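Enquirer: Build the 3D model from these lines:
(one chain, ligands or ions: 1)
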Amino acid sequence: MKVRVRFAPSPTGPLHIGGVRTALYNYLFAKQHGGDFLLRIEDTDAARLVPGAEAYINESLQWLGIKVDEGVKEGGAYAPYKQSERKEIYKRYVEQLLHEGKAYYAFDTPEELEIKRLEIKNFQYDASTRILMCNSLTRSEAEVKERINNGEQYVVRLRIEPNEEIHVFDVIRGEVVVNSSILDDKVLFKSSDGLPTYHLANVVDDHLMEISHVIRGEEWLPSAPLHVLLYRAFGWEENMPQFAHLPLLLKPEGNGKLSKRDGDRLGFPVFPLEWKDPKTGDVSTGYRETGYYPEAVINFLALLGWHPETDQEIFSMQELIEQFSFERCSKSGAKFDFEKAKWFNHHYLQQKFVDDLVKEFQPVLQSKGIFADKTMIENVVALMRERLNFAQELWETTSYFFVAPIIYDEKSVQKHWKPETKNQLSELMAQIETMADFGTKKEEDEALIMEWIKSKEYKTGNIMNPFRIALVGASKGPHIFDLTAIIGKEETLRRIKKAIEVIQ
Ligand code: GLU
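Expert: As a prediction, the model looks like this:
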């Protein structure tokens, strides 16, 4: 049987990072088996639809390189892939269940249901209570017909037999056995909007679209027994897809499910892309806008719930496709380690072409009025990128290459600027003046300056620390002669002179 999997989000808001992981695992599994990855939009709950959410889902998957084989945009042999366009299909299947007595009409109003809930503790619409209610099992056929013909609203419920064992086989969790008595007669269809509920549409579509594996978040595990019953009711048990319920993504502290609030509280995105809430106008930042590379997000997410056989941590999409397996997915939740996400981005940033980083950096420099020579920018980027997690940090990390310090860090000055520093730095300037090639060969520069320090019997730190303060404005930055090789002789001299004037 061909592997066919689907990612089936409901467009009720931005795709959460947990949803992205679900999509990714589906994709990896499908591609490993030369199968198909479908994107199905489950939009039967009209009240919860959010404008822009569907486009957001598409854009997110595209950004991440999760390619959809069949979907609303892509089309495919099982179209339409949007549930609101499949109304007529679901109707037929609801009618089949009604006709076979496996489902029934229920006319109870919300008020009547509320009264029952007050009357009966832990009320559940099931085999023990349905006889007390207003439905096609308790009313005559004629009355049912009349009510429907009069346009009375109804729902269709699945008739669940009590005390039956339901076996759910999950490839991650093994076999889960549930007694049918704990389930209520789930609503499958509502006449008010002519639409099925999630459960019916989901099962019918998985069957019709020939889905081989249902890979989804753990939060859907409680729905699985009902889905098994639906497969049974339709007589599709033989072709039932295999279930794989993925572990929850947990808060960084490990207690409870990761939420948007955790992201706000701890300062990390929980959405792949920036999202503007169409109602409130609130903007939530995304991984993309924070400066993450898609390959870093993929690598990071792949390891949240799946463990490779070796301690390899860096994986390309292709390697993930080759190595992914359900056997190595954990049953327990995966703690969201945000520092690790940065670590991955750091890694992928080191793999970028310098030229690409320069292209990203140039507009930032220009916005600051800096029109530096391209070679210089390349040198700065090549030298400094190992300190970065994000390309956006380029400016804050390297600004002193492009603009001379105008203020000097007080602590550094207090620590390193001594009464004799002024004279020593003046002498250093004189020494640099004599070095015709200063700034062109850094090893030579360093050797000559060190020799000079030694000949003067100065302490290296007494020269080099103030030298650094003069160049950078603080006790930080790269190796001094890497810096001077980039800014050049004239600028080095200018900065020393300025520091002497200002700090003295
Ligand atoms: N529409 C459901 C969701 O929003 C799909 C769950 C499933 O994959 O069965 O996640």
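Enquirer: Which one of the residues in the stretch 351-500 of the chain is closest to the ligand?
Expert: Closest residue of the stretch 351-500 of the chain to the ligand, C-beta to the nearest ligand atom: residue 390 (30.5 Å). Every residue, glycine included, has its C-beta placed from N, CA and C.
Enquirer: Touching, that residue and residue 349? I think so.
Expert: Yes. The criterion here is C-beta atoms under 8 Å, and residue 390 meets it with residue 349 at 7.1 Å.
Enquirer: More neighbours: those two, which one.
Expert: Neighbour totals were compared for residue 390 and residue 349, and residue 349 leads with 21 against 16 (other C-beta atoms under 10 Å).
Enquirer: which residue packs closest to that one, ignoring adjacent ones?
Expert: Here the nearest residue to residue 349 in space, its sequence neighbours aside, is residue 388; by C-beta to C-beta, 6 or more residues apart in numbering that works out to 5.8 Å.
Enquirer: isn't that neighbour right next to residue 346, touching?
Expert: Yes. Taking C-beta under 8 Å as the definition, residue 388 is a contact partner of residue 346 at 7.0 Å.
Enquirer: Comparing these two, which shows the higher neighbour count?
Expert: Shown here are residue 388 and residue 346; by other C-beta under 10 Å, residue 388 has more neighbours (20 against 16).
Enquirer: Low-confidence stretches in the stretch 151-300 of the chain?
Expert: Nowhere does the stretch 151-300 of the chain drop to pLDDT under 70.
Enquirer: so which strand or helix has the residue in the stretch 201-350 of the chain positioned nearest to the ligand?
Expert: Residue nearest to the ligand within the stretch 201-350 of the chain (C-beta to the nearest ligand atom): residue 216, separated by 3.5 Å. Residue 216 is located in strand 213-217, with elements delineated by DSSP states H and E.
Enquirer: Distance from that strand to the middle of the chain?
Expert: Strand 213-217 sits 17 Å away from the centroid of its parent chain (C-alpha atoms, centre = their mean, to the nearest Å).
Enquirer: Just say helix, strand or coil for the closest residue to residue 376 other than its chain neighbours.
Expert: The shortest distance from residue 376 to any non-neighbouring residue, by C-beta to C-beta, 6+ apart, is to residue 486 (6.2 Å). On the three-state scheme (DSSP: H, G, I helix; E, B strand; the rest coil), residue 486 is labelled helix.
Enquirer: Against residue 393, how distant is residue 486?
Expert: 18 Å (C-beta to C-beta, to the nearest Å).
Enquirer: more crowded one of the two?
Expert: When neighbours are counted by other C-beta under 10 Å, residue 486 and residue 393 differ, and residue 486 comes out ahead with 24 against 15.
Enquirer: what's the pLDDT at the more buried one?
Expert: What the model reports for residue 486 is a pLDDT of 98.
Enquirer: In contact with it, which residues are there?
Expert: Residue 486 sits next to 376, 379, 380, 383, 401 when contact means C-beta atoms under 8 Å, 6 or more residues apart in numbering.
Enquirer: Same check on residue 325?
Expert: Counting by C-beta under 8 Å, 6+ apart, residue 325 touches residue 306.
Enquirer: Helices along the stretch 151-300 of the chain, start to end?
Expert: Secondary structure of the stretch 151-300 of the chain (DSSP state H, counting those that start in this stretch): helices located at 198-208, 224-234, 260-266, 287-290, 294-302.
Enquirer: With mean neighbour count and distance to the ligand added, can I get those in JSON lines?
Expert: Output for these, formatted as JSON lines (neighbours: other C-beta atoms under 10 Å; distance: least, C-beta to the nearest ligand atom, whole Å):
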{"stretch": "helix 198-208", "mean neighbour count": "22", "distance to the ligand": "5"}
{"stretch": "helix 224-234", "mean neighbour count": "21", "distance to the ligand": "8"}
{"stretch": "helix 260-266", "mean neighbour count": "15", "distance to the ligand": "16"}
{"stretch": "helix 287-290", "mean neighbour count": "20", "distance to the ligand": "20"}
{"stretch": "helix 294-302", "mean neighbour count": "23", "distance to the ligand": "16"}
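Enquirer: Any idea which of those helices gets closest to residue 312?
Expert: Among the helices of the stretch 151-300 of the chain, helix 294-302 comes nearest to residue 312, with 10.6 Å by C-beta to C-beta.
Enquirer: and the closest one, how far from the chain's centre?
Expert: Using C-alpha atoms, centre = their mean, the offset of helix 294-302 from its chain centre is 8 Å.
Enquirer: packing partners for that helix?
Expert: For helix 294-302, the elements it packs on are helix 17-32, helix 53-64, helix 317-323, helix 338-351, judged by 3 or more C-beta pairs under 8 Å, 6 or more residues apart in numbering; DSSP states H and E.
Enquirer: ok, 10 Å please
Expert: Helices and strands touching helix 294-302, by 3 or more C-beta pairs under 10 Å, 6 or more residues apart in numbering; DSSP states H and E, are helix 17-32, helix 53-64, helix 287-290, helix 317-323, helix 338-351.
Enquirer: Nearest approach to residue 3 belongs to which of those?
Expert: Minimum separation from residue 3 across those (C-beta to C-beta) falls at helix 17-32, 5.7 Å.
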